[in-house]
Structure formats: C-alpha cells, structure tokens
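Enquirer: just to be clear, the model below is a prediction. Sequence and coordinates:
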Amino acid sequence: MALASIPVSNDDETWTCDLCGRDINDVDGGVGAMAIEVERWPDGTINFLRATFCTRAHAAEWLTNSLPEPQPPVDVRWSIRDRLFDFGFALLLFLIVALAMLGVYSLMRFLGAWD
C-alpha cells in the first residue's frame with residue numbers, strides 16, 4: 001500500500017522538513033514524509049505543536065531532543081462583520097426551528113390530534 005504524498009504547496013508556502021529544511025517532496029516524492037502534532041497543557045491552556053519531516057528518521061531525531069517552549073496565546077479580535085454574521089446565523093437557525101415547530105403543530109391539527 002503506497003502512502004499519498006504531501007502536497008507541495010499550501011497557500012503558496014512550500015512544505016519543508018522542520019529538521020533539515022528540505023522540501024518534503026524532494027525526498028522519495030514525499031512518500032516517506034511524516035507530520036506529527038504534540039498537545040501540551042503548560043498552564044491550563046491547550047498548546048499544539050505541529051511539525052513536518054521529510055523522513056521518519058528525521059521525526060525520530062527531532063523527538064529525541066527537548067520540545068521547544070510553547071508560544072504565548074494570541075488574542076483573537078472579532079470584527080463587527082464577524083459578529084453580524086454570527087447574529088444572522090443564529091437568527092436564521094431560530095427561524096428554521098420556529099418554522100419546523102409550526103409545521104409539526106399544523107400537521108398535528110390536520111391529522112386531528114388537537115382539536
């Protein structure tokens with residue numbers, strides 16, 4: 001069974017090995033590439049560390065060293081456009097639920113369950 005190769009680009013960024021810096025698809029067409037994700041909870045907040053390697057040997061060598069320090073969390077700023085979209089989505093969801101309940105009520109009245 002052959003493994004699929006990792007794509008060459010992701011939003012105009014070339015995927016490179018986090019240990020040696022080579023392009024991942026330069027080594028065996030990316031077949032032996034490996035991506036790992038480490039989850040840590042340093043101070044009660046979750047912190048993900050993602051790394052991509054051209055070979056499994058490079059992944060193993062990287063994992064034998066101590067992990068880098070977690071990056072500080074970044075505050076997310078919600079724009080007014082994001083808030084309006086969320087409000088509109090909630091309003092649409094409420095409307096769908098209300099119309100579904102009206103449909104069930106109308107069906108029950110039509111079938112004679114409620115007179």
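Expert: All right, it came through fine. Residues are numbered from 1 along each chain as shown.
Enquirer: in which helix or strand would I find the closest residue in space to D18 that isn't next to it in sequence?
Expert: Take D18 and drop its neighbours on the chain: the residue closest to it by CB to CB, 6 or more residues apart in numbering is A51, 4.3 Å away. The way it works is simple: take the backbone N, C-alpha and C, and place the C-beta from them, glycine included. Per DSSP states H and E: A51 is located in strand 47-53.
Enquirer: longest helix in this protein, by residue count?
Expert: Using DSSP state H, we find that the single longest helix of the chain is helix 80-111.
Enquirer: what domains does the record give for this protein?
Expert: Domain assignment of the chain by automatic domain parsing yields the ranges 1-73, 75-115.
Enquirer: tell me the mean pLDDT for the shortest one?
Expert: Per-region confidence: domain 75-115 scores 92 on mean pLDDT.
Enquirer: now it, how far from the chain's geometric center?
Expert: 27 Å (CA atoms, centre = their mean, to the nearest Å).
Enquirer: cool, and the longest one?
Expert: If you compare the mean C-alpha spot of domain 1-73 with that of the full chain, they lie 15 Å apart, counting by CA atoms, centre = their mean.
Enquirer: count of neighbours near M101?
Expert: Residues lying near M101 (other CB atoms under 10 Å) number 10.
Enquirer: now swap in H58 and tell me
Expert: 21.
Enquirer: tell me which element the residue lying closest to it once chain neighbours are set aside falls in.
Expert: Spatial nearest neighbour of H58, excluding adjacent residues (CB to CB, 6+ apart): L19 at 4.3 Å. For L19, there is no host helix or strand (DSSP H and E).
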